[in-house]
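**Q** The amino acid sequence is not available; the structure is as follows:
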């Protein structure tokens, strides 16, 4: 009972379901919204309604899109010879922020997990194999996480792509740029050592 | 450039303005919203639109309300003899969660700050003095923060209420329940010592 009506309590309840917000921060956020009604609350309500209505999934790569295809798949300047496989849209965004990859993407929408019933089909791996068979595709780059599930997924993708006639590569594992050895986990250190290069 | 259209970028930009969310967590939250379109995004858009449209400020106490008066001011079971002065709605909610106060509130909407141009008028302190003059009001309890600005505000309120014929009290300062001395700041320890009580 806050005395502010069910509307505000419903708002808090829904805000608390966002990742990174708990009950307390959801309350703070809701109050901030009410305070900034014109500058934040109303525009945010409109932005959410627009996203709910207009944003969908690219039929080719699985990225977010406002039409049937996403802006990256539609961009003729993006190299169709390279397909970078990411777990999710967050990974795609991370690569786009780095602004070093000029090919196209394939968004899996997760990683394989027998426990959670995630199958190759639900990750659109057969569709990836289909895309990889196109004559213009030369290389498929796996940019999935260096987790156990991520690496399992990478192996399954390698099986699916056998015979597609593409080169299959993966992001290098090693010491993060700016990283100090003292703060790195053993797995990263041993991977970096195994992949050591001549200077 | 995320390839997902301006709608999603606008959503991220607005989400990042919420307290507790930075650019990264705003992106995560936006992606979670798109993923849970039916269960979270659409309901949240509706909840925000409803709050934007319906929630306003109680004309008497300054709490959030859906009509002219808030549910607490309208509740005949709340003791009209007690007015608890809080800085903001978050403070009111904190007291309501504790469920120990059965009187009414006066929400200042901030604390006095010469630097930010916050005057007694903008904090509705004259209105508080007006309310305190009503014959049924016996006690005004100051529940403002134990900060310098909060204490300045308390002193100014005391000046305004002089001659209103009400008892003016303030929340006790001391050791928080469950608090260990070792982790307390000097100000709290000296306040708790000065306010020590016979057992």
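**A** All right, it came through fine. Just so we're clear, the structure is a prediction, and the values are computed from it rather than from any experiment.
**Q** ok, stretch A:122-129 near chain B or not?
**A** No - figure legend: stretch A:122-129 not in contact with chain B (CB under 8 Å from any CB of the partner chain); closest approach 13.9 Å. Where you see a C-beta, it was placed from the backbone N, CA and C, and this is true even at glycine.
**Q** ah, wrong one, I meant stretch A:63-78
**A** Yes - shown here: stretch A:63-78 in contact with chain B (CB under 8 Å from any CB) through A:63, A:64, A:65, A:66, A:70, A:71, A:72, A:73, A:75.
**Q** So for the worst-scoring helix or strand of chain A on mean pLDDT, what gets flagged as buried?
**A** One helix or strand of chain A scores below all others by mean pLDDT, DSSP states H and E: helix A:186-194, with a mean of 83. Buried residues in helix A:186-194, counted by 16 or more other CB atoms under 10 Å in any protein chain shown: A:188, A:191, A:192.
**Q** In the record's domain split, what are the boundaries for chain A?
**A** Residue ranges for each domain of chain A read A:6-54, A:75-198, as given by automatic domain parsing.
**Q** Next secondary structure element downstream of the helix or strand hosting residue A:126?
**A** Element membership of residue A:126, judged by DSSP states H and E, is helix A:125-132. Next in sequence after helix A:125-132, counting helices and strands by DSSP H and E, comes strand A:139-143.
**Q** which element follows that next one toward the C-terminus?
**A** Next helix or strand after strand A:139-143 toward the C-terminus (DSSP H and E): helix A:148-161.
**Q** Now do the next helix or strand after that following helix: distance to the chain's middle.
**A** Using DSSP H and E, the helix or strand that follows helix A:148-161 in sequence is strand A:167-170. Distance, stretch centre to chain centre, for strand A:167-170: 19 Å (CA atoms, centre = their mean, to the nearest Å).
**Q** Quick one: mean pLDDT over strand A:167-170.
**A** Strand A:167-170 carries an average pLDDT of 92.
**Q** what packs against it?
**A** strand A:139-143, helix A:148-161 (3 or more CB pairs under 8 Å, 6 or more residues apart in numbering or on different chains; DSSP states H and E).
**Q** How about the shortest one, which residues are buried there?
**A** Looking back up the chat, that one is strand A:139-143. A:140, A:141, A:142, A:143.
**Q** Looking at those, which one is closest to residue B:56?
**A** Taking CB to CB as the measure, residue B:56 lies nearest residue A:143 of the buried residues of strand A:139-143, at 49.1 Å.
**Q** Please determine how far the closest one is located from chain B.
**A** 15 Å (CB to the nearest CB, to the nearest Å).
**Q** from what I can see that residue touches residue A:84, true?
**A** Yes - judged on CB atoms under 8 Å, residue A:143 makes contact with residue A:84 at a distance of 5.3 Å.
**Q** How about the strand ranked longest in chain A and chain B, any contact?
**A** Taking DSSP state E as the assignment, the strand of chain A that covers the most residues is strand A:79-86. No - using CB under 8 Å from any CB, strand A:79-86 stays clear of chain B, coming no nearer than 11.9 Å.
**Q** other SSEs contacting that strand?
**A** Secondary-structure packing of strand A:79-86 (3+ CB pairs under 8 Å, 6+ apart): helix A:89-98, strand A:103-107, helix A:125-132, strand A:139-143.
**Q** Which neighbouring elements make contact with the longest one?
**A** What that stands for is helix A:89-98. On a contact count with 3+ CB pairs under 8 Å, 6+ apart, helix A:89-98 meets strand A:79-86, strand A:103-107, helix B:23-35.
**Q** 10 Å instead?
**A** strand A:64-65, strand A:79-86, strand A:103-107, strand A:139-143, helix B:6-15, helix B:23-35 (3 or more CB pairs under 10 Å, 6 or more residues apart in numbering or on different chains; DSSP states H and E).
**Q** list the buried ones in that helix?
**A** Buried, per 16+ other CB under 10 Å, within helix A:89-98: A:89, A:91, A:92, A:93, A:95, A:96.
**Q** What of the third one?
**A** Judged by neighbour count using 16+ other CB under 10 Å, the buried positions of helix A:125-132 are A:125, A:127, A:128, A:129, A:131, A:132.
**Q** Nearest to chain B, out of those: which one, please.
**A** Set against chain B, the nearest of these by CB to the nearest CB is residue A:131 (16.4 Å).
**Q** Check whether that closest one really touches residue A:107, as I assumed.
**A** No - contact criterion CB atoms under 10 Å: residue A:131 and residue A:107 do not qualify, at 11.9 Å.
**Q** Now list whatever residues contact both of the two.
**A** Here residue A:131 and residue A:107 share the contacting residues A:60, A:61, A:124, scored by CB atoms under 10 Å, 6 or more residues apart in numbering or on different chains.
**Q** Just the closest of these to chain B, please.
**A** Nearest to chain B, judged by CB to the nearest CB, of the shared contacts of residue A:131 and residue A:107 is residue A:61 at 8.6 Å.
**Q** Leaving out chain neighbours, which residue sits closest to that closest one?
**A** Once flanking residues are discounted, residue A:61 sits nearest to residue A:105: 4.8 Å by CB to CB, 6 or more residues apart in numbering or on different chains.
**Q** for residue A:74, same thing?
**A** In space, and not counting its chain neighbours, residue A:74 is closest to residue A:67: 7.9 Å by CB to CB, 6+ apart.
**Q** contacting residues around the one you found?
**A** So residue A:67 contacts A:54, A:56, A:58, A:59, A:73, A:74, B:5 (CB under 10 Å, 6+ apart).
**Q** of those residues, buried ones?
**A** Buried by 16+ other CB under 10 Å: A:56, A:58, A:73, B:5, out of the contacts of residue A:67.
**Q** which stretch of helix or strand covers the third one?
**A** Following DSSP H and E, one finds residue A:73 within helix A:71-74.
**Q** Rounded mean pLDDT for that helix, please.
**A** Mean predicted lDDT for helix A:71-74 stands at 95.
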